[in-house]
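In: the following comprises the amino acid sequence and a computationally predicted model.
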Amino acid sequence: EKKGREKKKKKKMMASPALAPPRVRRDAHVGPRHYSPPPPPPQAVAATRTKPRGELVGAKRKPRRPRRLLPALLNALSADEAGAREVRSELEIGEESAGFVASEQKPLSWVAFFAILSAVAAAAPTAASGISVYLQAMDGVSSNSTFVMLLLLFVFGASHSGMAALRPKAEAVVGPRAYRVSFALVSLPLAAATVFYYIGHRYDGGQLFSLQGVPGVHELVWILSLLSFYFLYPSTFNLLEVAAVDVPKVHLWETGVIRITRHPQMVGQVIWSLAHCLWIGTPFSIVTNMGLVGYHMFACWHGDKRLRDAFGDEFSKLEERTSVWPFAAIVQGRQKLPPDYWKEWARAPYITVTVFAIGAYLCHPLMQRAAYWLNDYQ
């Protein structure tokens, strides 16, 4: 009788999942048979949940991890990509001036760009020796440093604008990349020589005025200099073409800073020159910056002429709704800023400009030492 009662009890237990004995399984890694408890019924699990799935009652909530820098940067680039495509779809003639579409970038192109940048940095000491010889030859022309500075500006301007004028014919012969390299090999050393000569002689002739000790002047000069860089360097819109990694092209920019002025480099040079004349206050500095502004005024006419030759009627239409002087077309009603105009400035190239401008400010002591060495002031 006792065995019969145990059999009936066992049958009832096997019929009811809740009363069933633990499941038996064999695990080769553990060894002999062992028992694992059955999973709880779904109703019991649901009853313990009063919070979102994964959080049990009484359990401490894990603190949120801070947002990683890389995902935040990728989100910013994706927003920049969406904004660039939105602006592109609304353009009538020209190109979006600072659009950076991350999905269109080729990693190998940027590897090549930084490789070229490293090669230029490695060649800097050799180039510095040649620049020093060039400056000594210019110093032999006249003992007047202001005259030598104007001569340096003339040589650079004639070479830079002259080679730009020859670009269409020269590219047809040697190709766009080869001509860009030759253009850089001429322009960059001449520009560096002019900059370092200016740094080395900026206090020549005595000071007409000195505002360096006036409170707020340093901050004003710093802000004006930073602002000037956003106008001075539209070349950051196509860095890969500047380094000849991509095939260099002539661009007809239409958005961003171009809505304010068709010639941002001229405006940036005026702002930069005003800031440095205010800080230095010497005849040499004033004459030099007047020469720089004068050359950029000529470049406005020369640049318009080259764009008109390249694009014809398209440039004429762009010319009608833009202006040389800042905000003139907006005031006259020829240019209307879109409601989300700020998006045209929220672009990756302007991050590069900001980093470059701050780096240039921090590197002023190094630039002064290099200038003194090149001008043989040791």
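Out: That came in fine, so what should we check first?

In: and Leu108, which of the three is it?
Out: helix (DSSP: H, G, I helix; E, B strand; the rest coil).

In: so what's the closest residue to His302 other than its chain neighbours up against?
Out: The shortest distance from His302 to any residue other than its chain neighbours is 5.6 Å, reached at Ser161 (Cβ to Cβ, 6 or more residues apart in numbering). The way it works is simple: take the backbone N, C-alpha and C, and place the C-beta from them, glycine included. With contacts defined as Cβ atoms under 8 Å, 6 or more residues apart in numbering, Ser161 is in contact with Phe298, Ala299, His302.

In: where's the first one, which helix or strand?
Out: Phe298 is part of helix 283-311 when elements are defined by DSSP states H and E.

In: show me what the following helix or strand past that helix is packed against.
Out: Next helix or strand after helix 283-311 toward the C-terminus (DSSP H and E): helix 313-320. With contacts taken as 3 or more Cβ pairs under 8 Å, 6 or more residues apart in numbering; DSSP states H and E, helix 313-320 sits against helix 283-311.

In: from the contact counts, what lies against the helix it packs on?
Out: With contacts defined as 3+ Cβ pairs under 8 Å, 6+ apart, helix 283-311 has these neighbours: helix 145-165, helix 167-174, helix 176-201, helix 264-280, helix 313-320.

In: list of residues touching the last one?
Out: Right, the one you point to is helix 313-320. Here helix 313-320 makes contact (Cβ under 8 Å, 6+ apart) with Glu92, Ile93, Gly94, Leu252, Glu254, Arg262, Asp304, Leu307, Arg308, Phe311, Arg334.

In: may I see the buried residues of that helix?
Out: For helix 313-320, a neighbour-count test (16 or more other Cβ atoms under 10 Å) marks Glu314, Phe315, Leu318, Glu319 as buried.

In: can you put these in JSON lines and add pLDDT?
Out: Listed next are those as JSON lines, based on pLDDT from 0 to 100:
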{"residue": "Glu314", "pLDDT": "91"}
{"residue": "Phe315", "pLDDT": "92"}
{"residue": "Leu318", "pLDDT": "91"}
{"residue": "Glu319", "pLDDT": "91"}
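
In: in CSV: those, plus distance to Val148.
Out: Formatted as CSV, the buried residues of helix 313-320 follow (distance: Cβ to Cβ, whole Å):
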residue, distance to Val148
Glu314, 42
Phe315, 38
Leu318, 39
Glu319, 38
